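Engineer: sequence unavailable; structure follows:
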């Protein structure tokens with residue numbers, strides 16, 4: 001079952017941690033801890049409207065795009081998270097605001113892209129999948145986070161795909177008879 005924290009199994013997630021570490025001058029472990037608590041919270045608070053769309057496809061997002069201010073989460077909710085980040089993780093308020101912008105932009109991009117792949121999915125089901133409570137949009141989520149990357153996030157092993165292919169396929173093997181194939 002996929003969830004938002006699977007993002008950190010792929011190269012894009014690792015790059016996000018490194019870029020945030022450099023931008024905010026915080027330890028990478030602390031950045032990961034903050035994202036591990038912030039991303040699920042952001043999912044629970046995000047309400048998308050037809051007028052609000054993602055800045056770019058998830059695979060095309062640049063770190064500078066993630067820093068752009070967003071207004072999907074209410075200011076009251078942001079104040080609560082700012083105080084949590086300050087009190088729990090000792091993050092300064094300007095860095096806290098940047099973390100919130102990054103989290104919002106990531107979640108909006110992922111949810112928007114999932115909706116564009118499968119317009120039949122309701123926002124509630126997408127959120128439940130991202131939080132790990134449902135599998136309804138897992139396939140779309142995995143497509144979104146692994147598109148544009150050579151990284152399968154250990155969610156789908158490339159060598160395993162071969163084993164899962166239809167064994168009764170009438171197509172000839174690219175290796176011909178050298179390996180005992182068709």
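Structural biologist: Done, it's in. These figures come from a predicted structure and were not determined experimentally.
Engineer: for the top helix by length along the chain, what is the distance to the chain centroid?
Structural biologist: Ranked by residue count, the top helix of the chain under DSSP state H comes out as helix 93-117. Offset of helix 93-117 from its chain centre (Cα atoms, centre = their mean, to the nearest Å): 9 Å.
Engineer: may I see the buried residues of it?
Structural biologist: Using 16 or more other Cβ atoms under 10 Å as the test for burial, helix 93-117 gives 95-115, 117. (Glycine included, C-beta is placed from N, CA and C.)
Engineer: next, the angle from the helix or strand just after it to helix 93-117.
Structural biologist: Per DSSP states H and E, the first helix or strand lying C-terminal to helix 93-117 is helix 123-130. Relative orientation of helix 123-130 versus helix 93-117 (axes from the mean of the first three to the mean of the last three Cα atoms, to 10 degrees): 110 degrees.
Engineer: can you spell out which helices and strands pack onto helix 123-130?
Structural biologist: In terms of contacts (3 or more Cβ pairs under 8 Å, 6 or more residues apart in numbering; DSSP states H and E), helix 123-130 is packed against helix 28-45, helix 93-117, helix 138-146.
Engineer: could I get these as CSV with distance to residue 10 and mean pLDDT?
Structural biologist: Output for the helices and strands packed on helix 123-130, formatted as CSV (distance: least, Cβ to Cβ, whole Å; pLDDT from 0 to 100):
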stretch, distance to residue 10, mean pLDDT
helix 28-45, 13, 94
helix 93-117, 12, 91
helix 138-146, 6, 91
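Engineer: give me the contact list for stretch 15-31.
Structural biologist: Residues from elsewhere that reach stretch 15-31 (Cβ atoms under 8 Å, 6 or more residues apart in numbering): 7-8, 32, 34-35, 63, 66-67, 89, 91, 95, 98-99, 102, 106.
Engineer: swap the cut-off to 7 Å and go again
Structural biologist: Residues from elsewhere that reach stretch 15-31, judged by Cβ atoms under 7 Å, 6 or more residues apart in numbering: 8, 32, 63, 89, 95, 98, 102.
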